[in-house]
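Asks: sequence below, structure please.
(one chain, ligands or ions: 1)
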Amino acid sequence: MFTKPLFGRDIPPACEYCSHVVRAADGLLRCTRRGAVQPFDHCRAFSYDPLRRVPRRRPQLPTFSPDDFKL
Ligand code: SF4
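Replies: As a prediction, this is how the structure comes out:
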């Protein structure tokens, strides 16, 4: 049993990475408890599956030149 949650405690619940969901052949999500669900839905039975979550990419940082820092 894990004592520390994987990838932090601040992951919002979503059906997209719940262990009760199955991705159907048509691309829709089917919950074993509630049927068809949207990726952003969630319920009290949410069970986090870290292998299903795809982390968001970090935004590109702007590039600066030395002239940007001159007074
Ligand atoms: S409806 Fe609840 S149990 Fe079903 S996939 Fe979404 S969070 Fe998981």
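
Asks: so residue 45 makes contact with residue 20?
Replies: Yes - with contact defined as Cβ atoms under 8 Å, residue 45 reaches residue 20; the gap is 6.5 Å. Quick note: C-beta positions are derived from backbone N, CA and C, even for glycine.

Asks: between the two, which contacts overlap?
Replies: residue 33 (Cβ atoms under 8 Å, 6 or more residues apart in numbering).

Asks: the two: which is more packed in?
Replies: residue 20 (16 against 13; other Cβ atoms under 10 Å).

Asks: grab the nearest non-local neighbour of the more buried one.
Replies: Counting by Cβ to Cβ, 6 or more residues apart in numbering, the nearest residue to residue 20 once its immediate chain neighbours are dropped is residue 32, at 4.9 Å.

Asks: surely residue 39 is in contact with residue 12?
Replies: No - if you go by Cβ under 8 Å, residue 39 and residue 12 don't touch, sitting 11.8 Å apart.

Asks: for residue 29, grab phi and psi.
Replies: With angles defined as degrees, to the nearest 10, residue 29 sits at phi -100, psi 130.

Asks: on the three-state scheme, the spatially most central residue of the chain is what?
Replies: In the chain, the centroid-proximal residue (Cα atoms, centre = their mean) is residue 53; its distance is 4.5 Å. Counting by DSSP: H, G, I helix; E, B strand; the rest coil, the backbone at residue 53 sits in coil.
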